[in-house]
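*Asks:* Generate coordinates for the sequence data below:
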Amino acid sequence: MFSDIQNHWAKTSILAAAQRNILKGYPDGTFRPAAPVTRAEFAAIISIGLPKQPSSRPEISFIDVPANHWAAKAIAEAYQANYLSGYPNRMFKPNELIPRVQALTALASGLNYGVTADPINTLKKYYDDFGQIPSYATRAIAAATEKRIIVNYPEIKRLQPNQNITRGEIATFICRVLEIPTVPSKYIPGTELFVIPPQFDAADNFVEGLARAQKSNQWGYIDKTGKFVIPPQFEEVHPFSEGLALVRENLNKSSPT
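*Replies:* I've put the predicted structure just below:
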């Protein structure tokens, strides 16, 4: 689809996001996966790609976001849903590049992610550069880690929080939030790694001891030995949560005559 992502590590995520019209390419046929993302662009991606959240605070008029700004509506929605905040003096700085830590904090905040363990211990366990994480983002990054939406490439233990996020990285974060299995586990902090021989068409991370796996276009659940504990029989399945999982049966199965 794009001429400049053939060998890019995030190719699968980029294509998945593009197919859902969450991210778009450029007129010259490129995607520019290494290009940085502005705060206005990030607000637009949130507006298009993530589930709508109820407003949690009143609207504000940012003095540097006029009504005719191309992302004015998306910025207003992102602010009211608590994804993004402004700066003092009612500034939003729409053209400022957004670093990884701010993008992850925005996602954790807007999606209401919480922590179940001590945030500092979580950060120390999974990130060699935890000391670079700003204090305001400690809980948010720990929560995002617990939800396994963070993607660290090429080194899983290097968060690089203050580095500007790229379009390719944004694609991987969005896919993790939407539970689209496009990112290898070796780049997802907080994910336990198990050696299971390749035998599936697709598979996701383990949640509550089980992982979604696809075989012959049907989805089921495997345990950590790679054995199907729920046979592949569904058209669509979601990760387990508190012992339950949402599944959709294959409605095209032929009925016995």
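*Asks:* Strand partners (parallel or antiparallel) of the host helix or strand of residue 221?
*Replies:* Here residue 221 sits within strand 218-222, counting by DSSP states H and E. Here strand 218-222 has these sheet partners by DSSP bridges: strand 210-215 (antiparallel), strand 228-237 (antiparallel).
*Asks:* So for residue 198, which of those sits nearest?
*Replies:* With respect to residue 198, and counting by Cβ to Cβ, the nearest of the strands paired with strand 218-222 is strand 210-215 at 11.1 Å. Quick note: C-beta positions are derived from backbone N, CA and C, even for glycine.
*Asks:* Go through that closest one and flag the buried ones.
*Replies:* 210, 211, 212, 213, 214, 215 (16 or more other Cβ atoms under 10 Å).
*Asks:* Need the residues you listed in CSV (columns: pLDDT).
*Replies:* Listed next are these as CSV, based on pLDDT from 0 to 100:
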residue, pLDDT
210, 88
211, 88
212, 90
213, 90
214, 90
215, 89
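*Asks:* what's around residue 217, how many residues?
*Replies:* 10 (other Cβ atoms under 10 Å).
*Asks:* Use 634 as the first number for this chain going forward.
*Replies:* I'll keep to 634 as the first residue from here, and by that count the last item is residue 850.
*Asks:* and the closest residue to it other than its chain neighbours, what does it touch?
*Replies:* Closest residue to residue 850 apart from its sequence neighbours, by Cβ to Cβ, 6 or more residues apart in numbering: residue 834 at 7.1 Å. Applying Cβ atoms under 8 Å, 6 or more residues apart in numbering to residue 834 gives the contacts 847, 848, 849, 850.
*Asks:* of those, closest to residue 801?
*Replies:* Closest to residue 801, out of all of the contacts of residue 834 and judged by Cβ to Cβ, is residue 847, at 24.6 Å.
*Asks:* OK, contacts around that closest one?
*Replies:* Here residue 847 is in contact with 833, 834, 835, 836, 853, 865 (Cβ under 8 Å, 6+ apart).
*Asks:* now swap in residue 833 and tell me
*Replies:* Contacts of residue 833 (Cβ under 8 Å, 6+ apart): 846, 847, 848, 855.
*Asks:* State the distance from the first one to residue 747.
*Replies:* With the distance defined as Cβ to Cβ, to the nearest Å, residue 846 ends up 28 Å from residue 747.
*Asks:* Could you do the last one as well?
*Replies:* When distance is defined by Cβ to Cβ, residue 855 is 28 Å away from residue 747.
*Asks:* Tell me which of these two has more neighbours.
*Replies:* residue 855 (22 against 10).
*Asks:* For beta bridges, what are the partners of that one?
*Replies:* residue 844, residue 861.
*Asks:* The most centrally placed residue in the chain: what's it in contact with?
*Replies:* By Cα atoms, centre = their mean, the chain has its centre lying nearest to residue 806, at 2.7 Å. Taking Cβ under 8 Å, 6+ apart, we find residue 806 in contact with 736, 737, 740, 782, 783, 784, 798.
*Asks:* isn't there a helix covering it?
*Replies:* Yes: secondary structure assignment places residue 806 in a helix (DSSP: H, G, I helix; E, B strand; the rest coil).
*Asks:* Distance check, it against residue 784.
*Replies:* For residue 806, the distance to residue 784 - Cβ to Cβ - is 6 Å.
*Asks:* and if you look at residue 654?
*Replies:* Counting by Cβ to Cβ - residue 654 and residue 784 are separated by 21 Å.
*Asks:* Looking at these two, which is more packed in?
*Replies:* residue 784 (25 against 9).
*Asks:* ok, the more buried one touching residue 807?
*Replies:* No: counting by Cβ atoms under 8 Å, residue 784 stays clear of residue 807, with 10.2 Å between them.
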